[in-house]
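Peer 1: Return atomic coordinates for the entry below.
(chains A and B)
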Number of protein chains: 2
Amino acid sequence: MIDDRGIHAFVPYPDAPVAHAAGGPLAGLSFAAKDLFDVAGYPTGGGSPIVLALSGIKTRTAPTVQKLLDAGARFVGKTVTDELAFSMNGQNAHFGAPRNGAAPDRISGGSSSGSASAVSNGLCHVALGTDTGGSVRAPASHCALVGLRPTHGRVSLEGALDLAPSFDTCGWFTRDVATFARVADVLLGADAVPAPSRLLWPADLWAQLAPAADASARAAADRVQAVLGEARLVTVVLDSFEAMYWHFRHLQGREAWLTDGPLIERHAPPLGPGVAERFAFSRGVTDAQVIAANAFRERFTAHLEALLGADGVLLLPTMPDIAPLKAEPESALEDYRNRAIRLLCVAGLAGLPQLSLPLAGRDGAPMGLSLLGPRGSDRALVAMAERLAAAGVGRPAGL
Amino acid sequence: MIDDRGIHAFVPYPDAPVAHAAGGPLAGLSFAAKDLFDVAGYPTGGGSPIVLALSGIKTRTAPTVQKLLDAGARFVGKTVTDELAFSMNGQNAHFGAPRNGAAPDRISGGSSSGSASAVSNGLCHVALGTDTGGSVRAPASHCALVGLRPTHGRVSLEGALDLAPSFDTCGWFTRDVATFARVADVLLGADAVPAPSRLLWPADLWAQLAPAADASARAAADRVQAVLGEARLVTVVLDSFEAMYWHFRHLQGREAWLTDGPLIERHAPPLGPGVAERFAFSRGVTDAQVIAANAFRERFTAHLEALLGADGVLLLPTMPDIAPLKAEPESALEDYRNRAIRLLCVAGLAGLPQLSLPLAGRDGAPMGLSLLGPRGSDRALVAMAERLAAAGVGRPAGL
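Peer 2: I've put the predicted structure just below:
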């Protein structure tokens, strides 16, 4: 068991033997997996004491975890997830709040909180997470990490607990782009689509930034454009942010209730702050809301695909601001979350890949800038990040 | 797995095979064990997600559990305990609040909440609990069960998680005295001391009753005295209730911190309401307080032993009132708990056996009356309960 005293990134399961290839493209790298992924010899807790109790010891390893092992990476443990992965705060009422290695007084973000914490605190090189509504991108932004939400379906989630399957994706974190690219070669392979090259500037998404974060994010965007070319102005949002937000929440809520409603109704687990309210909301989503949201999703996806074409990449802030302070009340965190969803749901609704890079920040805390590309362009987005890194575009001084 | 839908008495671990003798004195009885006891094939969670994570699957069965299996009882599962057994409410922030089978709108009491719930809801015949500061006696009183806190050390706690070892005891619950006596023969065997016979009336303890509960408890006491003889007036408390209360809390707190402090400091588990505050209190107990409390404990034990002599049995209310409503705020529950400790700490400080019987109640909810006897008189107390049952002294009508 990794000694993560004071960090609490890992669920303290007893170590079980997990074999990895002696050599391979990831030899020398250590990795962790969010406690949604089955790893033979371990339970899968999903951030829920009742799920953990029900789990028993798994006898199979999720294929994506196995890919990393087969490529020579060494498994070091399972990381804390927000309860049932249905939160963006990184504060689990049962398993704790993993420390943000880049800004320890601030929340790590979630729900892949322990994975982001483990990597940002230097406890391992790589950590697997999942991203349904932002659960990789949010903690990547908060913890100064490279993090990808892949094209929906591109990286297998077999052997992992679901939240909302039509949104769920398997992503990962590293501290640097070079390591990220090594893992990308293993988990993504080559893209089957041409590499996009043309930057787009979604002015309406940029308008969601907190005023305090504006200067740093725009300065970072300038550095990106200096390497990748000037971005052309586009508008992403159809109708309104408000409509998009609710459509996303209705779809995510309905699917989350289909996934976890039976567990919640059978076992009545005491759910932590925010999580209980979100499941109560999810239970109440109506068929009419789902039908309307699905129609919107189809229209929005077509719009975004047309906007990107084969070669467009949105350059956008990952989150509306740096991470909130840990001491903020639940209501303030909920408000921040609701603002963040307005940015995060774009890739989620359309199932498109989004890569967050730690290029901005303020007041000593980091913030991510994202590249959002066409379906299947995941590896090309990582290649863009490699070009940026090669040109010296990285974390700003003092962050 | 027992279907305890709507009751939530059991931790929903996957069933593991647990063999029991084909025949024996407990043949035909089913039993459960509080999730502090190791049972081979199961983890031991202690009501704490972190303890559960750390547990792994146990390979040995606690000797007291094994005794029941060897006597022919059938194991049906592990029951919810209050977090780290350090609560008296039966409301675990991580595993839920088991239903009180006798008064479903009221708390079950704890920390042996799931065991009392399982038995009071008819899910099994017998359930093992532990009693440090009242964790068998309180839920027995709240759930209309027969429950014993044995003489300290008489029933083995090997293979069970500690709370405060000099107070910890292993007790059990049944719905009726006859079943209780069958288990007593297995877990206690015969007493090595003469059976006490003389009832004593601790007027100062009776004065701790809530006024609303007074009439029913005294009527029950009259019924007991009609069978077992009239009780003679005695005074139990030395100095003051306040002093006794704090001495108990200092000793229990120090031992609880020695037991769980390292876990809490290493893993920083998020502790539920009340539990967090009690461990914070425990951490702050000073050596001077412990020295004073130990001196008091010695003096109090000698006083109580002299008062009982070889043949005295205190007749007292188990709790100050019926169980509080589930909807009461944590502050009201804490107040009730602090009043209850003034009654419960008597047996705890002196290490003497106390048997609670469901003989009183008000407003449709039950309340226990207790027999507290000399060290080692446990089986004789059960025999007294058998005499009461034979004489028709049982639960009052309407409860």
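Peer 1: Chain B contacts on the stretch 101-250 of chain A?
Peer 2: Within the stretch 101-250 of chain A, no position is near chain B by Cβ under 8 Å from any Cβ of the partner chain. Heads up, the C-betas are built off the backbone N, CA and C, glycines and all.
Peer 1: Tell me which stretches of the stretch 101-250 of chain A form helices.
Peer 2: Counting by DSSP state H, counting those that start in this stretch, the stretch 101-250 of chain A has helices at residues A:113-120, A:137-142, A:177-187, A:203-206, A:211-228, A:241-267.
Peer 1: These into a markdown table, with extra columns for mean neighbour count, distance to A:Pro43 and mean pLDDT?
Peer 2: Shown next, in a markdown table, are the helices of the stretch 101-250 of chain A (neighbours: other Cβ atoms under 10 Å in any protein chain shown; distance: least, Cβ to Cβ, whole Å; pLDDT from 0 to 100):
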| stretch | mean neighbour count | distance to A:Pro43 | mean pLDDT |
| --- | --- | --- | --- |
| helix A:113-120 | 35 | 15 | 98 |
| helix A:137-142 | 35 | 23 | 98 |
| helix A:177-187 | 21 | 24 | 98 |
| helix A:203-206 | 17 | 40 | 98 |
| helix A:211-228 | 16 | 39 | 97 |
| helix A:241-267 | 20 | 15 | 98 |
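Peer 1: Of all those helices, which one is nearest A:His94?
Peer 2: When these are compared by Cβ to Cβ, helix A:113-120 sits nearest A:His94, at 12.7 Å.
Peer 1: which helices and strands does that closest one pack with?
Peer 2: strand A:30-34, strand A:74-79, strand A:126-131, helix A:137-142, strand A:169-174 (3 or more Cβ pairs under 8 Å, 6 or more residues apart in numbering or on different chains; DSSP states H and E).
Peer 1: Could you single out the most deeply buried of those?
Peer 2: Of all the helices and strands packed on helix A:113-120, helix A:137-142 carries the top mean neighbour count, a mean of 35, counting by mean count of other Cβ atoms under 10 Å in any protein chain shown.
Peer 1: now A:Gln91: how far from A:Asp105?
Peer 2: 14 Å (Cβ to Cβ, to the nearest Å).
Peer 1: Oops, could you answer that again for A:Asp378 instead?
Peer 2: Distance from A:Asp378 to A:Asp105, by Cβ to Cβ: 33 Å.
Peer 1: These two: which is more packed in?
Peer 2: Taking other Cβ atoms under 10 Å in any protein chain shown, A:Asp378 and A:Asp105 do not tie; A:Asp378 has more neighbours (27 against 12).
Peer 1: List the contacts of the closest residue to A:Gly6 other than its chain neighbours.
Peer 2: Spatial nearest neighbour of A:Gly6, excluding adjacent residues (Cβ to Cβ, 6 or more residues apart in numbering or on different chains): A:Arg99 at 6.7 Å. Going by Cβ atoms under 8 Å, 6 or more residues apart in numbering or on different chains, A:Arg99 touches A:6-9, A:108, A:117, A:121.
Peer 1: A:Ala144 touches A:Ser120, doesn't it?
Peer 2: Yes - A:Ala144 is in contact with A:Ser120 according to Cβ atoms under 8 Å; the separation is 6.4 Å.
Peer 1: Could you check the pLDDT of A:Arg395?
Peer 2: Looking at A:Arg395, its pLDDT is 88.
Peer 1: Is it correct that it falls within a strand?
Peer 2: No - using DSSP: H, G, I helix; E, B strand; the rest coil, the assignment for A:Arg395 is coil, not a strand.
Peer 1: burial measure for the residue lying closest to it once chain neighbours are set aside, as a count.
Peer 2: Nearest in space to A:Arg395, with sequence neighbours left out and distances taken as Cβ to Cβ, 6+ apart, is A:Pro358 at 5.2 Å. Using other Cβ under 10 Å, A:Pro358 has 28 neighbouring residues.
Peer 1: Just to be sure, A:Pro358 is in a helix?
Peer 2: No - according to three-state DSSP, A:Pro358 belongs to no helix; its state is strand.
Peer 1: Can you give me the distance of it to B:Thr174?
Peer 2: A:Pro358 sits 61 Å away from B:Thr174, going by Cβ to Cβ.
Peer 1: Same question for A:Ser156.
Peer 2: Per Cβ to Cβ, A:Ser156 is found 52 Å from B:Thr174.
Peer 1: How about A:Ile57?
Peer 2: Distance, A:Ile57 to B:Thr174, using Cβ to Cβ: 34 Å.
Peer 1: same thing with A:Leu349?
Peer 2: 57 Å.
Peer 1: swap in A:Arg362?
Peer 2: Computed as Cβ to Cβ, the A:Arg362 to B:Thr174 distance reads 64 Å.
Peer 1: With A:Thr79 instead?
Peer 2: 44 Å.
Peer 1: Quick check: which ranges of chain A have low pLDDT?
Peer 2: Scanning chain A for pLDDT under 70 picks out nothing.
Peer 1: which residues of it fall in strands?
Peer 2: Counting by DSSP state E, the segments of chain A that form strands are A:30-34, A:74-79, A:126-131, A:146-149, A:169-174, A:198-202, A:232-234, A:312-317, A:354-362, A:365-372.
Peer 1: on that earlier part again, now for A:Gln91 and A:Asp105: what residues contact both?
Peer 2: Shared contacts of A:Gln91 and A:Asp105, counting by Cβ under 8 Å, 6+ apart, come down to A:Lys326.
Peer 1: Now for A:Asp4: which residues touch it?
Peer 2: Applying Cβ under 8 Å, 6+ apart, we find A:Asp4 in contact with A:10, A:118, A:121, A:123.
Peer 1: same deal with A:Gly23?
Peer 2: Contacts of A:Gly23 by Cβ under 8 Å, 6+ apart are A:Gly72.
Peer 1: mind checking how far it is from chain B?
Peer 2: From A:Gly23 over to chain B the distance is 31 Å, taken as Cβ to the nearest Cβ, to the nearest Å.
Peer 1: next one: A:Val11
Peer 2: Note on A:Val11: its distance to chain B, by Cβ to the nearest Cβ, is 5 Å.
Peer 1: residues near that residue, how many?
Peer 2: Around A:Val11 there are 29 other residues, counting by other Cβ under 10 Å.
Peer 1: ok, now which ones touch it?
Peer 2: Applying Cβ under 8 Å, 6+ apart, we find A:Val11 in contact with A:35, A:45, A:77-80, A:95, A:114, B:53.
Peer 1: got JSON lines for the residues you listed, with distance to B:Ala306 too?
Peer 2: Below are the contacts of A:Val11 laid out as JSON lines (distance: Cβ to Cβ, whole Å):
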{"residue": "A:Asp35", "distance to B:Ala306": "57"}
{"residue": "A:Gly45", "distance to B:Ala306": "53"}
{"residue": "A:Gly77", "distance to B:Ala306": "57"}
{"residue": "A:Lys78", "distance to B:Ala306": "57"}
{"residue": "A:Thr79", "distance to B:Ala306": "59"}
{"residue": "A:Val80", "distance to B:Ala306": "55"}
{"residue": "A:Phe95", "distance to B:Ala306": "50"}
{"residue": "A:Gly114", "distance to B:Ala306": "57"}
{"residue": "B:Ala53", "distance to B:Ala306": "48"}
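Peer 1: can you tell which of the strands of chain A is closest to B:Asp185?
Peer 2: strand A:74-79 (46.2 Å).
Peer 1: ok, back up a step: so can I have JSON lines of the strands of chain A showing distance to A:Ala243?
Peer 2: Formatted as JSON lines, the strands of chain A follow (distance: least, Cβ to Cβ, whole Å):
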{"stretch": "strand A:30-34", "distance to A:Ala243": "31"}
{"stretch": "strand A:74-79", "distance to A:Ala243": "35"}
{"stretch": "strand A:126-131", "distance to A:Ala243": "23"}
{"stretch": "strand A:146-149", "distance to A:Ala243": "22"}
{"stretch": "strand A:169-174", "distance to A:Ala243": "23"}
{"stretch": "strand A:198-202", "distance to A:Ala243": "17"}
{"stretch": "strand A:232-234", "distance to A:Ala243": "19"}
{"stretch": "strand A:312-317", "distance to A:Ala243": "19"}
{"stretch": "strand A:354-362", "distance to A:Ala243": "21"}
{"stretch": "strand A:365-372", "distance to A:Ala243": "20"}
